[in-house]
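Q: pasting the sequence and the predicted model now:
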Amino acid sequence: MHYTVNGHATYCYTGGKPFDAAKPTVVFVHGVLNDHSVWILQSRWFANHGWNVLAVDLPGHCKSEGPPPASVEEAAQFVLALLDAAGVRKAALIGHSFGSLIALEAASRAPERVTHLAMVGSAYPMVVSPALLESSLNDPQRAIAMVNTFSHALLAPPPSALGPGTWLYGSSRALMRRVLASNREVNVFHVGFKACNDYAGGEAAMEKLQCPVLFLLGDADQMTPPRAVKALAAKARDGRTVTVHAGHALMSEAPDAVLFALRDFVSR
C-alpha cells in the first residue's frame, strides 16, 4: 500500500490486509540499509490476527520516495506524518536498531498517540565505530560484509527460521546490497549510520513516554550488545526486557521468539 507522506509516495507492507479503522494498528520501522521485509514473519502474523500493519520502507529506501532521513528526529517526524496520512490516531511502534531510536523519538514527540513501544536490537547511545562509518561512505560493499559478520550469531538458521537451505548471512547481505542500489542519488548506508551515531536525545525522549516499553535484545548481539541499552532501560517508567538467543538480526535468527515476545507485549 502507498501513502503520500510529506509530498512523497511511501510504501507500507500491510500483510495483504486492507486497513480497518476498527482494528488496532502496529507500525514496524526497519534499521539501516534494510526495508520492510525484515519484519516479514512478525508483520504477517499481526496482519492475520486482528491488527492493521504498516511495515514501512523509510524515505529513500526501496519502494519509498523522498530524501532519506538525515537524523533520528527527522525520521521520527516522518513516522508521525505517516500516521496522519494513514488516518491512524494511535498505534504501537516497533523498531529495530536505527528504527528503535526512530520509534522512541516519535513516541516522545506524540506520547498520546503511542500505545506501546518495542525497541528491538537497540542501544543508546548507538555509537558506530569510525571504521564502519568511514567504510559505509567510501567502501560500502566492505562495510556490508563487516556489518553482516557482526550481525549474525549463526551462519545457518535454527529450525524455527526460514527452513532448510536458508543462509541468513547471504540473504541479509543481498538485501543490504539491494537497498543500497535502490537509491542512486544518496548513500542511504552512510546517512543512516551517521544518524544513529549523532542521536543524543534518547534519555530525554524516554522521560516523556506514557506507554509501556519493551527492550527485545539478542544475547549474542555484537552490533548492539544487551549491556548497551541498560542505562536507557533503567529510565523507562514502565519497561521490561526480554532477551532471546540471537545476534543483531534477531527477527530472522529467532523469528518465533521475537514474535511471541512482541505478541505478548502489545496484548497487555
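A: Happy to help now that I have it. Numbers count the residues shown, from 1 in each chain.
Q: for the closest residue to residue 64 other than its chain neighbours, what are its contacts?
A: Using Cβ to Cβ, 6 or more residues apart in numbering and skipping residues adjacent in sequence, the residue nearest residue 64 is residue 57, 4.0 Å away. For the C-beta atoms, the positions are set from N, CA and C on the backbone; glycine is no exception. Contacts here follow Cβ atoms under 8 Å, 6 or more residues apart in numbering; on that basis residue 57 touches 10-12, 30, 35-36, 63-64.
Q: show me where the stretch 51-200 of the chain has strands.
A: Remark: strands assigned in the stretch 51-200 of the chain by DSSP state E, counting those that start in this stretch are 52-56, 91-96, 114-120.
Q: could I get those as CSV with distance to residue 151 and mean pLDDT?
A: Formatted as CSV, the strands of the stretch 51-200 of the chain follow (distance: least, Cβ to Cβ, whole Å; pLDDT from 0 to 100):
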stretch, distance to residue 151, mean pLDDT
strand 52-56, 19, 98
strand 91-96, 11, 98
strand 114-120, 13, 98
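Q: can you list these in a markdown table and add mean neighbour count?
A: Below are these laid out as a markdown table (neighbours: other Cβ atoms under 10 Å):
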| stretch | mean neighbour count |
| --- | --- |
| strand 52-56 | 26 |
| strand 91-96 | 27 |
| strand 114-120 | 26 |
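Q: in JSON lines: these, plus distance to residue 187.
A: Shown next, in JSON lines, are those (distance: least, Cβ to Cβ, whole Å):
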{"stretch": "strand 52-56", "distance to residue 187": "20"}
{"stretch": "strand 91-96", "distance to residue 187": "20"}
{"stretch": "strand 114-120", "distance to residue 187": "25"}
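Q: ignoring the adjacent residues along the chain, who's closest to residue 208?
A: Nearest one to residue 208, counting by Cβ to Cβ, 6+ apart, is residue 108 at 4.1 Å.
Q: show me where pLDDT drops low in the stretch 101-250 of the chain?
A: 155-165 (pLDDT under 70).
Q: residues near residue 112, how many?
A: 9 (other Cβ atoms under 10 Å).
Q: what of residue 84?
A: Count around residue 84 with other Cβ under 10 Å applied: 12.
Q: ditto for residue 50
A: That count, for residue 50 with other Cβ under 10 Å as the rule, works out to 11.
Q: same check, this time on residue 122
A: 28.
Q: and what of residue 224?
A: 28.
Q: how near is it to residue 38?
A: 15 Å (Cβ to Cβ, to the nearest Å).
Q: leaving out chain neighbours, which residue sits closest to residue 223?
A: residue 248 (4.0 Å).
Q: check whether the one you found really touches residue 100, as I assumed.
A: No - with contact defined as Cβ atoms under 8 Å, residue 248 does not reach residue 100; the gap is 11.4 Å.
Q: which neighbours do the two have in common?
A: In contact with both residue 248 and residue 100: residue 121, using Cβ under 8 Å, 6+ apart.
Q: and those two? Which one has more around it.
A: Between residue 248 and residue 100, residue 100 has the larger neighbour count (other Cβ under 10 Å), namely 30 against 27.
Q: what residues are up against that one?
A: Here residue 100 is in contact with 29, 31, 118-122 (criterion: Cβ under 8 Å, 6+ apart).
Q: rerun at 6 Å
A: Applying Cβ atoms under 6 Å, 6 or more residues apart in numbering, we find residue 100 in contact with 119-120, 122.
Q: do residue 26 as well
A: Neighbours of residue 26 in contact, by Cβ under 6 Å, 6+ apart: 46, 51, 53, 92.
Q: any idea which of those is closest to residue 183?
A: residue 53 (24.3 Å; Cβ to Cβ).
Q: OK, contacts around the closest one?
A: 14-15, 26, 43, 46-47.
Q: beta-bridge partners for it, please?
A: Beta-bridge pairing of residue 53 under DSSP bridges involves residue 26.
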